[in-house]
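1. this one's structure only:
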């Protein structure tokens with residue numbers, strides 16, 4: 001079915017609901033830059049903000065986010081928790097439907113979670129749901145999916161049983177991996193259920209077109225429970241890898257926005273402030289940038305060498321002189337301003353001069369058998385972008401001052417993260433944007449049981465023990481202390497080389513309304529409209 005025919009069908013349905021004044025009305029179309037080509041549109045298989053921007057417009061979880069990315073009711077109109085914090089009961093809204101008109105029931109959430117954690121699905125983000133009872137055992141094939149701690153007592157009730165109290169569960173339930181999955185579509189089409197014409201969704205929009213490396217197009221879902229308040233009719237997402245190309249297209253109004261952590265070219269920020277005030281938005285976000293060092297194999301199975309690399313990086317120079325986008329030098333992993341935490345952990349060398357740090361790095365290198373004639377040499381993977389290239393060149397120069405040779409290897413973002421998740425690297429750039437506002441979402445990455453997102457395979461039993469103890473601690477202040485101790489252990493072990501706490505840099509036309517900067521950098525089209 002062509003997009004034009006689909007739009008006519010959509011208009012007829014919306015007109016019947018009284019949501020459009022007439023069939024002849026022109027659709028409100030939002031042209032949105034989206035950094036790069038999505039890997040998938042299957043919520044269970046998605047792993048990045050690129051997919052989240054699209055999938056989060058098409059699907060909705062038990063909870064969702066408001067314009068400020070705060071947790072609000074989604075498919076569930078309410079929820080309650082047992083006194084011990086282990087059982088959460090979500091009550092669905094009555095009359096929910098999929099975009100094809102089929103009823104949406106509690107069983108769709110059960111099916112989605114079981115599918116996520118089924119080892120056959122091979123979902124790379126499955127470990128994020130390990131807070132659910134038996135999730136780890138199910139995902140590793142030790143238990144059948146039927147023993148996962150989720151059930152539907154009736155069509156309007158989803159009950160989730162946890163391994164331990166999880167204060168951030170309401171925030172986790174707005175994440176794309178726990179969206180409901182349309183079992184009837186998956187059974188009918190198999191892996192092809194995500195293709196246009198086959199995919200059905202439960203959120204504000206539904207998929208009509210996906211032309212690889214060109215665009216993804218969605219239109220308004222007439223069966224969405226709040227369709228009457230969704231004002232943008234169509235969204236077209238464009239994969240634009242180069243920030244300068246994005247700016248050119250934005251100035252020509254070929255796109256109305258370019259949203260994401262690197263949506264605007266850093267080198268043009270001053271010019272844009274002077275010539276396009278308010279159209280380039282730079283704000284702090286829950287994000288950390290770091291170097292992952294592969295502890296599975298030499299040379300970085302040696303803590304001395306990991307520490308030497310970390311000592312040689314001048315984080316202030318990178319943040320203030322190289323990138324210059326208001327990011328902050330990081331001497332810890334968990335970003336400032338995060339909920340339920342006190343951010344006291346930090347590298348022991350945070351107050352040292354660079355001369356002191358280089359001297360100590362050279363001592364460690366010599367102790368490990370490296371010298372000027374035999375320098376530590378390795379490949380360093382990074383993703384192709386203007387900012388990342390500049391930062392990588394600067395980092396390589398800093399390391400060379402210590403007698404370390406890091407050979408940069410660039411890949412497009414999708415390839416870069418695939419190599420990192422497979423562990424097929426020696427050292428590589430990593431960036432993490434918080435999925436929910438809680439320190440656990442960052443610290444779980446360094447848990448030895450976290451799978452593909454523990455890129456360097458860091459493993460410390462005491463770290464894991466503290467993470468387990470924090471899981472069962474109901475008192476948030478005491479939980480914060482335990483998580484802080486775990487973070488300090490990881491920093492002392494140089495589990496990663498921290499770099500900076502990032503900012504989001506986005507382009508937004510003045511006629512795009514209903515947009516709000518937020519620390520999670522999540523911007524659902526549902527809340528926006530255009531006043532050209």
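-> Perfect, thanks for sending it. The model shown is predicted, which means the values in this text are computed figures rather than measured ones.
2. can we go C-alpha only for contacts and neighbour counts from here?
-> Fine.
3. in the stretch 401-532 of the chain, where is pLDDT below threshold?
-> Scanning the stretch 401-532 of the chain for pLDDT under 70 picks out no residues.
4. for it, which segments count as strands?
-> Listed in chain order, the strands of the stretch 401-532 of the chain (DSSP state E, counting those that start in this stretch) span 404-411, 427-433, 496-508, 512-513, 529-530.
5. my guess is residue 394 meets residue 323, correct?
-> No - using Cα atoms under 8 Å, residue 394 is not in contact with residue 323; the gap is 9.9 Å.
6. show me what contacts residue 151?
-> By Cα atoms under 8 Å, 6 or more residues apart in numbering, residue 151 lies in contact with 107, 110, 158-160.
7. what residues of the helix or strand where it lies count as buried?
-> Per DSSP states H and E, residue 151 falls inside strand 150-154. Using 16 or more other Cα atoms under 10 Å as the burial criterion, the residues of strand 150-154 that qualify are 150-152.
8. go on, stretch 341-356?
-> Buried, per 16+ other Cα under 10 Å, within stretch 341-356: 341-343, 345-347.
9. same question, stretch 203-218
-> Under the neighbour-count criterion of 16+ other Cα under 10 Å, stretch 203-218 has 203-210, 215-218 buried.
10. repeat for stretch 482-491
-> Per 16+ other Cα under 10 Å, stretch 482-491 contains these buried residues: 482-491.
11. give me the distance from it to the chain's centre.
-> 22 Å (Cα atoms, centre = their mean, to the nearest Å).
12. likewise stretch 161-168?
-> 21 Å.
13. and the end-to-end length of that stretch?
-> This stretch, stretch 161-168, spans 14 Å end to end (Cα to Cα, to the nearest Å).
14. repeat that for stretch 41-52.
-> 9 Å.
15. now stretch 441-458
-> End residues of stretch 441-458 are separated by 16 Å (Cα to Cα).
16. for stretch 411-430, same thing?
-> Start to finish, the residues bounding stretch 411-430 are 13 Å apart (Cα to Cα).
17. stretch 135-146 now?
-> With Cα to Cα as the measure, stretch 135-146 spans 11 Å from end to end.
18. for the buried residues of stretch 203-218, which one is nearest residue 268?
-> residue 215 (25.4 Å; Cα to Cα).
19. quick one: neighbours of the nearest residue to that closest one once chain neighbours are set aside, just the number.
-> Spatial nearest neighbour of residue 215, excluding adjacent residues (Cα to Cα, 6 or more residues apart in numbering): residue 238 at 4.7 Å. By other Cα atoms under 10 Å, the residues close to residue 238 number 24.
20. residues contacting residue 238?
-> 31-37, 213-216.
21. residue 72 now?
-> Residue 72 neighbours (Cα under 8 Å, 6+ apart): 63-66.
22. hmm, which two among the buried residues of stretch 203-218 are most spread apart?
-> 203 and 215, at 19.6 Å, using Cα to Cα across the buried residues of stretch 203-218.
23. hmm, residue 75 is touching residue 61, no?
-> Yes - between residue 75 and residue 61 there is a contact under Cα under 8 Å: 6.0 Å.
24. which of the two has more neighbours?
-> residue 75 (29 against 24).
25. so for the more buried one, what's the pLDDT?
-> Predicted confidence (pLDDT) for residue 75: 98.
26. count of neighbours near the nearest residue to residue 459 once chain neighbours are set aside?
-> Spatial nearest neighbour of residue 459, excluding adjacent residues (Cα to Cα, 6+ apart): residue 448 at 4.8 Å. Neighbour count of residue 448, defined by other Cα under 10 Å: 17.
27. mind checking the strands of the stretch 401-532 of the chain for the one nearest to residue 223?
-> strand 529-530 (19.5 Å).
28. just checking, what packs against the closest one?
-> For strand 529-530, the packing partners by 3 or more Cα pairs under 8 Å, 6 or more residues apart in numbering; DSSP states H and E come out as strand 512-513.
29. quick one: strands adjacent to the strand it packs on?
-> Here strand 512-513 has these sheet partners by DSSP bridges: strand 529-530 (antiparallel).
30. related to what we said a few turns ago, out of the contacts of residue 238, flag the one nearest to residue 432.
-> Among the contacts of residue 238, residue 35 lies closest to residue 432 (Cα to Cα), at 15.7 Å.
31. give the contact list for the closest residue to residue 189 other than its chain neighbours.
-> Distance criterion Cα to Cα, 6+ apart; nearest residue to residue 189, sequence neighbours excluded, is residue 198 at 7.1 Å. Residue 198 makes contact with 185, 189, 192, according to Cα under 8 Å, 6+ apart.
32. ok, so of these, who is nearest residue 365?
-> residue 192 (52.2 Å).
33. which SS class is the spatially closest residue to the closest one that is not a sequence neighbour?
-> If the residues on either side of it in the chain are set aside, residue 192 comes closest to residue 198, at 7.1 Å by Cα to Cα, 6+ apart. When classified by DSSP: H, G, I helix; E, B strand; the rest coil, residue 198 comes out as coil.
34. with residue 287 instead?
-> Relying on three-state DSSP, one would call residue 287 strand.
35. residues near the residue nearest to it when sequence neighbours are not counted, how many?
-> Closest residue to residue 287 apart from its sequence neighbours, by Cα to Cα, 6+ apart: residue 433 at 4.3 Å. A count of nearby residues for residue 433, using other Cα under 10 Å, gives 21.
36. what's the distance between residue 433 and residue 520?
-> Residue 433 sits 7 Å away from residue 520, going by Cα to Cα.
37. got any residues that touch both of those two?
-> Contact criterion Cα under 8 Å, 6+ apart; residues shared by residue 433 and residue 520: 285-286.
38. the stretch 301-450 of the chain: helices as residue ranges?
-> Taking DSSP state H, counting those that start in this stretch, the helices of the stretch 301-450 of the chain run over residues 303-312, 315-317, 354-367, 386-400, 413-422, 440-443.
39. who wins for proximity to residue 525 among those helices?
-> Taking the helices of the stretch 301-450 of the chain one by one with Cα to Cα, helix 413-422 is closest: 23.9 Å.
40. tilt between the closest one and strand 404-411?
-> Between helix 413-422 and strand 404-411, the angle comes out at 120 degrees (axes from the mean of the first three to the mean of the last three Cα atoms, to 10 degrees).
41. buried stuff in helix 413-422?
-> Neighbour count says helix 413-422 has 413, 416-417, 420-421 buried, by 16+ other Cα under 10 Å.
42. that older thread, JSON lines please, covering the strands of the stretch 401-532 of the chain and showing distance to residue 452.
-> Output for these, formatted as JSON lines (distance: least, Cα to Cα, whole Å):
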{"stretch": "strand 404-411", "distance to residue 452": "19"}
{"stretch": "strand 427-433", "distance to residue 452": "12"}
{"stretch": "strand 496-508", "distance to residue 452": "15"}
{"stretch": "strand 512-513", "distance to residue 452": "37"}
{"stretch": "strand 529-530", "distance to residue 452": "38"}
